[in-house]
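Asks: I need the structure of the sequence given here:
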Amino acid sequence: MTNEQHASLRIEHVPQTLRELAVERLRAAIMSGRFPSGYRLVERTLVDQLGVSRSVIREAIRYLEAEGLVEIQPRQGPIVATLDWDKTRQIYDIRLRLEAAAAAACARLLDTSARADLQAALQRLKEAFLSDDPQVLYDATTRFYEVIFVTAGHHIAWEIVQRLNGRISRLRALTLASTDRHVSGQARMQRIAEAIFAQDPDRAGEAVREHLTETAEIASKLLHAANEDDQRMGQ
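Replies: I've put the predicted structure just below:
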């Protein structure tokens, strides 16, 4: 067989499976708030809405359950996972420890190639902040942090962050909508990048801590306010 014949067999673009497409659509509906906390994910309704089979819906729900975006409740079935401050606080604690350490190590180990990767990720992030599509911003933010963790050599830590990424993105959607910020999210990311470019580990770690401390405070206020509203409505 000739090289040209070999080339004709090569799959250049792997098509998304129906399950992957269903996961994307359901995840986006949860992130946007279209499917709010506690919303029942009725299989028959989702089949009609997405136009796929029940088996695809079940696979997608299992995947989102593993991401922490869906919970299976007795006698109720799958629902959109609730956001509560206890779980959220733990997520921010984990992020602070892992991201601050990764940013500091990235600043120490930054080389020419990694600098170019981080500059490209930062530019993509700046453009994403101007986009009307939340998924574009979540993807750009994930890429920004991926460069930092990979450059730092913190591969296991990045695996942990990826497992939490669904919940992290959901919290990001919650806090980005808030106007109760002293410094914008974009400016916070810029400060983290500038400290890394300056190869200042202490400043890079501190920039991450300042960013996540403020974001956690915003999330705490929003979740406690939402909980109080729920309690009033239940009275």
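
Asks: could you point out which element follows the helix or strand in which residue 158 is found?
Replies: Secondary-structure element containing residue 158, defined by DSSP states H and E: helix 155-163. Heading C-terminal from helix 155-163, the first helix or strand you meet, by DSSP H and E, is helix 165-176.

Asks: the spatially most central residue of the chain: what's its closest spatial neighbour, skipping adjacent residues?
Replies: For the chain, the residue nearest the mean C-alpha position is residue 169 (2.9 Å; CA atoms, centre = their mean). Excluding its sequence neighbours, the residue lying closest to residue 169 (CB to CB, 6 or more residues apart in numbering) is residue 138, at 4.6 Å. Just so you know, the C-beta spots here come from the backbone N, C-alpha and C atoms, and that holds for glycine as well.

Asks: residues touching the one you found, list them.
Replies: Shown in contact with residue 138 (CB atoms under 8 Å, 6 or more residues apart in numbering): 31, 169, 172, 173.

Asks: what residues are up against the last one?
Replies: Residues counted as contacts of residue 173 (CB under 8 Å, 6+ apart) are 31, 32, 33, 134, 138.

Asks: how about the third one?
Replies: Contacts of residue 172 were listed using CB under 8 Å, 6+ apart, and they are 137, 138, 141.

Asks: and these, which is closest to residue 112?
Replies: Among these, residue 141 lies closest to residue 112 (CB to CB), at 24.0 Å.

Asks: gap between the host helix or strand of the residue nearest to residue 169 and the chain center?
Replies: With secondary structure defined by DSSP H and E, residue 138 is part of helix 134-152. Distance, stretch centre to chain centre, for helix 134-152: 9 Å (CA atoms, centre = their mean, to the nearest Å).

Asks: measure stretch 190-207 end to end?
Replies: 9 Å (CA to CA, to the nearest Å).

Asks: circling back: now rank the contacts of residue 173 by neighbours and give me the top one.
Replies: When neighbours are taken as other CB atoms under 10 Å, the top entry among the contacts of residue 173 is residue 138 (22 neighbours).

Asks: isn't residue 190 up against residue 123?
Replies: No. Taking contacts as CB atoms under 8 Å, residue 190 lies outside contact range of residue 123: 11.1 Å.

Asks: pull the helix or strand with minimum mean pLDDT from this structure.
Replies: Every helix and strand in the chain was compared by mean pLDDT, DSSP states H and E; the lowest is helix 3-9, with a mean of 49.

Asks: could you check how far the residue nearest to residue 169 is from residue 32?
Replies: Counting by CB to CB, to the nearest Å, the gap between residue 138 and residue 32 amounts to 11 Å.

Asks: so residue 193 sits against residue 120, correct?
Replies: No. Residue 193 is beyond contact range of residue 120, at 11.2 Å (criterion: CB under 8 Å).

Asks: in the lengthiest helix in the chain, what's buried?
Replies: Longest helix in the chain, counting residues (DSSP state H): helix 201-234. Across helix 201-234, burial judged by 16 or more other CB atoms under 10 Å covers 201, 203-208, 210-212, 214-216, 218-219, 222-223, 226.

Asks: stretch 63-71 now?
Replies: Neighbour-count burial for stretch 63-71, counted by 16+ other CB under 10 Å, picks out 63, 64, 67, 68, 69, 70, 71.

Asks: same question for stretch 128-148.
Replies: 128, 134, 136-138, 140-145, 147-148.

Asks: confidence-wise, which of those residues comes last?
Replies: Lowest-confidence member of these: residue 134, scoring 78 (pLDDT).

Asks: how near is that residue to residue 40?
Replies: From residue 134 to residue 40 the distance is 23 Å (CB to CB).

Asks: alright, I will stop here.
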